[in-house]
Each structure stands twice: as structure tokens, then as C-alpha cells.
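In: using only what follows, build the 3D model:
(one chain, ligands or ions: 2)
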Amino acid sequence: MAFAQAVQSHTDTIDRKWWKEAVVYQIYPRSFKDSNNDGIGDLKGIISKLDYIKSLGVTVVWLNPIYSSPNDDNGYDISNYRNIMDVFGTMADFDALLKGLHDRHIKLVMDLVVNHSSDEHEWFKQSRSSRTNPYRDYYHWWPAEKGKPTPRYSFFDINSDAWKYDSLTNSYYLHYFSRKQPDLNWENPKVRTEVDDIMKFWLDKGIDGFRMDAFQYVAKDTTFPVFPPGYEKNINKYYGMGPHLHDYIKEMNTNVFSKYDIMTVAEGAGSTLEDAHNLVDADRHELNMAYHFEGVDITNKPGGYTLLDLKQVYTKWDKDFEDKGWLAIFMANHDNPRMVSNFGNDSPGFRDLSSKMLTTFLMTMRGTPYYYNGDELGMTNIGFTDIKDYRDVAALNGYKHVVNTGGDVQHYMQELRVRSRDNSRTPFQWDSSENAGFTMGTPWIKVNPNYTTINAADEDKDPNSCLSYFRKMVSLRKVNLVLVYGKYNLVDADNPNVYAYTRELDGKKMLVLLNFTAKDATVTSGIDLSKAKVLIQNYTTPINQNHLRPYEAIVYQMN
Ligand code: GLC
Ligand code: CA
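Out: Ligands and ions are numbered 1, 2, ... in the order given. Down below sits the predicted model:
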């Protein structure tokens, strides 16, 4: 493979793969760049920013869904898997985008959303039309004469009820997400063949892989057993890794994945380390990498997370995947708040430093980093306080649920302000012109007013900006295979303020020091730094060995 020859060879024990050495940049198309001023980002908008994307040094773009969709869940409800959403453009635009990326040696990974389709997909229209329609078994139906189906929890439903009654055939259909997202019946081999064909359609166009949405949920026990009370608090245990999931993935691997040089990653990795290994260990021939939620979930508890929690989670996963399997590393995406607001400190004095510190973390861990668009600028949560500003179906239906059940609306609004997915979906901040240069129309969701100071144009000119730091960090990772494959070792494990670790490969060793607090902190590494060389740091003034300033980040080369 040309790729493997391009870089010097290393120990034979390393199973080198392009998708392990990749830096993935996630683009949320609706909010990236609007080319025709209808207020909605689009493919031509992304095309106009290809040189910017290239300038980041990233090697893979993951694009959130761009297929035809009535947009109940911003494209995660697909009505035609082989077409482009009207507001995003045409198939010709898509082809141009793919070519533009490939011309710049950037690969493209698409979202594959097949746990459910839209209720406006032709399959569902047929399926619901009569009990004897050939498409009936494409979805999960429960005839009402059998009584009410066993309760199932819905993430987005106003009543949290995943069964929707449909009078047309006097039956209920299953929807883990919104009512407009009926779950496909993977137990029907025809559905699986349809999905294989959809994947081939896109792979034959030349795309480089799939991020498989909500994929751990696709396989279901269709006898619908009763789950114990409170099961929804541990939902992945009950919804994840259903009966024949591995058979289905193996089938996809045989029929499709194995025929292309692609990367495959499923969203969610079950509820145990063993589940995750079963998905991705190379000898099982299923997927390439596991994308677990524990890293982001630690921020989801009252009072926030502690650094010791974070270290524990990442160290546990790293140790367990040291010899086999491969992980995705991420701290934000379109379903989570902004990285700097959630894990760092977005107050004016520390936003810049803490954002760079977190970037250092992501780019120096083992696993493939997934970096969410806008985080390279240090974009922050918008924290809407008025429900009218929210656009996310999860936020809007959750709000209705709280109102209808007489819940604590004020508390819910406070939650949304910090946790809502809309925090990371505000328009990309290109420059300081109106609407951050995202659109000249009315943006579909409000622009964060801090765009006048946080934007790509200003940061591009500033060698010390978050953006410039991100570019440096990406290139550092790309030229140092030790940062990709090197053994990870936690240092000063119980230090509650500083995350310190070494990475080691072929006698090459690096030390990473990260102060996760807004105060000065000390690290006891026990490592002699007298001969160490600083590869990168997030302060511009000299460092003081083991004493770290607020949110200070340093990467040393030890030899
Ligand atoms: C995944 C997506 C999320 C979407 C959901 C339903 O979790 O990341 O954005 O709402 O699946 O498709
Ligand atoms: Ca547009």
C-alpha cells in the first residue's frame, strides 16, 4: 500500500491503518456555511470552505446526514437514502464536494442512519398502508387487538412512549426516537439487503466509510420482553447489543465492508468493555473502532465531572484496548455541548487556554481523534434562555413533556442551557461581519453573539489563537507516530488537578502535562526534564518545570 510506504517503517508489531492515523473533523452541514443565503448551511457552502478545511491538516471529514429528510431531527430522519436534502443542494454538489476533498487528500465518511427511517420514507408509507403490504415487516408493528405492547422508552417522544398508535391499521409502531423516526426491522433480511445496497451506492461513488448512527440499537428481541422498572436509566444495557447484532455486522462486513478500503465506526459500544471489543477486535471482522459514551457521560452529572473521573475512564479504556481493538477519542459532537464549555472553562480569562489544553489532550491520546467543527476556534455554548430559540426536537419535546406532566420547567430550562444539543449547533463563526459570515439571510438558529471576538478570520491572522494552536497540534500528531500508536502510561495518577501521561514507541518517549484547573498546580512526574525538549505549549512565556499555570498544557519530547 502506497500509504504504508510513505512513512518510515516502525516495529512490526504495529498494525498500521490509515483510519488509526487519521484526524477526523466533523462537519455539521446545517451550520457550517450557507451559500445561497436561505439561512441554512449547504454543500456549496462546504465546498467554498475546502481550503480552510485543508488548512487544518485534518485527514478525514465526517459529514452529518445530508440525505433527503423532512428534518424532524435535523436529517437523522431520512426519507430517501439515495438523494440529497433539497436545502443542502444536489447530487452534483455532492460529487463536487467529494472530489474537492479527495483532490486535497481528505477522505469522506458519511453518517449511516438505519436504526430508523423517516415516517415519510416510501417504505414506511407502504408499510403503514395495510397489514398485508409487502413492506409491512420493514418496521415493528404491534396489532392493537393483542392489547397494549410492552412499554418501551422513547428518547424524543413527548410522552417518552416509543409505541405510537396508528388507526389506519389499528396497530402500534415502534420508535426509539421521535414519532417521525420509526425503527426499521433488522430481523427482516430484506431490510438488511436494502442497507447493503445503500452502502454500496455511496461507496461506489467513492466515499471512505460510515459512522453508523445509533447502531447498537438495531437488533431487537421482537418478543418484546418486559424490562425491569427504571430500565430507561440504564438504557444501553437494554436497548444496546440486541440478540443478532454481531451476525448482522458480520454479514455487512462480508457483503460490503470487506470489499472496500474503508473505515467503519458505530455510535455506541454497548455497556461493557467486552461489548466494545466484540464490535471491533480485528480478528472478528466486524467494525474498525469503538465509539463509547463514557468519556462524555461523566460531564452529565450534577456538580460536573472531576479530573479523577476523566483519568479513570480514559485510563481504563486505554488499558483494555492496549493489545486489541481501537477507539475513537472525542469530547464533543453535535449531540453534546461545546467542548470548552463542557470540559474546560469558557469564561473570558480561561477560554483560550483551556480550549488549547483540551485540544492537546485529544491530539495526544491513543485512538483516532474526532474533532467537532468550531471547537478549533474555541466556540462556546450559547445557553439560550428562551424555549423559542431552541430548534432541537429533543429539547422541544422534552419541554412539552415537562409542561404536560407538571414538572419543574425552570429546572428543565436550566438543564437545557447547559446540556442542550443546540449549544453546539449554532452557526460556524467565520468572521466578524453580520451573522458571523455564515449567511446574509436569517440563520435557522441564532448565531452566538461572541462571534465578534471568536471567529476564524481573526484567529487565522493570530499565531497564538486556538485555531493556530489546533493546526500545530494536528501536524505534531501527524509526524509523530508515537502519539498515534505509542503506549500510554498515566503519571502522578492521583493528582486531582493535573493530567500527566507518557506515550512511548520504539524508544521514543513523550510526556504530556495538562492542568485541568483555573489555579496553579504542581505535578510530581518523577521524570527528569533537564534534557527534555518542549514540542508545544499553550502559554507564550517560558515554562517552569513541574509548576503549571492555569490550564497550562505542555508536550515534552524526552529523548
Ligand atoms: C444519534 C445521533 C443523534 C440523533 C439520534 C437519532 O444519537 O447522533 O443526533 O438524534 O441518533 O438518529
Ligand atoms: Ca443555504
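In: drop to CA atoms for contacts and neighbour counts, all remaining ones
Out: OK.
In: show me where the stretch 351-500 of the chain has its helices.
Out: Using DSSP state H, counting those that start in this stretch, the helices of the stretch 351-500 of the chain run over residues 351-364, 393-404, 409-419, 456-461, 466-479, 481-485.
In: so which elements touch the first one?
Out: Okay, so that is helix 351-364. helix 339-343, helix 466-479, helix 481-485, strand 508-515, strand 553-557 (3 or more CA pairs under 8 Å, 6 or more residues apart in numbering; DSSP states H and E).
In: what helices or strands is the helix or strand following the fourth one leaning on?
Out: So the one you mean is strand 508-515. Per DSSP states H and E, strand 508-515 leads on to strand 521-522 as the next helix or strand towards the C-terminus. Under the contact criterion of 3+ CA pairs under 8 Å, 6+ apart, strand 521-522 touches strand 547-548.
In: for the strand it packs on, which helices and strands make contact with it?
Out: strand 521-522.
In: for the strand it packs on, what is the distance to the chain centroid?
Out: Here strand 521-522 is found 32 Å from its chain centre; the criterion is CA atoms, centre = their mean, to the nearest Å.
In: where does pLDDT dip in the protein?
Out: Residues of the chain that meet the criterion pLDDT under 70 lie in 1-12.
In: against residue 370, how distant is the residue nearest to the spatial centre of the chain?
Out: In the chain, the residue lying closest to the centroid (CA atoms, centre = their mean) is residue 333, at 4.3 Å. With the distance defined as CA to CA, to the nearest Å, residue 333 ends up 8 Å from residue 370.
In: what's the burial count for residue 349?
Out: 10 (other CA atoms under 10 Å).
In: for the protein, which residue gets nearest to ligand 1?
Out: Nearest residue of the chain to ligand 1, counting by CA to the nearest ligand atom: residue 76, 4.5 Å away.
In: surely that residue meets residue 114?
Out: No: judged on CA atoms under 8 Å, residue 76 makes no contact with residue 114 at a distance of 9.2 Å.
In: spit out the contact partners of the residue of the stretch 201-350 of the chain found nearest ligand 2.
Out: When scored by CA to the ion, the stretch 201-350 of the chain has residue 334 as its residue closest to ligand 2, at 19.0 Å. Residues near residue 334 by CA atoms under 8 Å, 6 or more residues apart in numbering: 28, 372, 421-422, 424-425.
In: could you identify the most distant pair in these?
Out: 372 and 422 (13.7 Å; CA to CA).
In: of these two, which one has the most company?
Out: residue 422 (28 against 22).
In: common neighbours of residue 333 and residue 370, please.
Out: residue 26.
In: show the contacting residues for whichever residue of the stretch 51-200 of the chain sits closest to ligand 2.
Out: Nearest residue of the stretch 51-200 of the chain to ligand 2 (CA to the ion) works out as residue 87 at 6.0 Å. Neighbour list for residue 87: 40, 42 [criterion: CA under 8 Å, 6+ apart].
In: repeat that with 10 Å
Out: 30, 34, 36, 38-43, 66, 68-69 (CA atoms under 10 Å, 6 or more residues apart in numbering).
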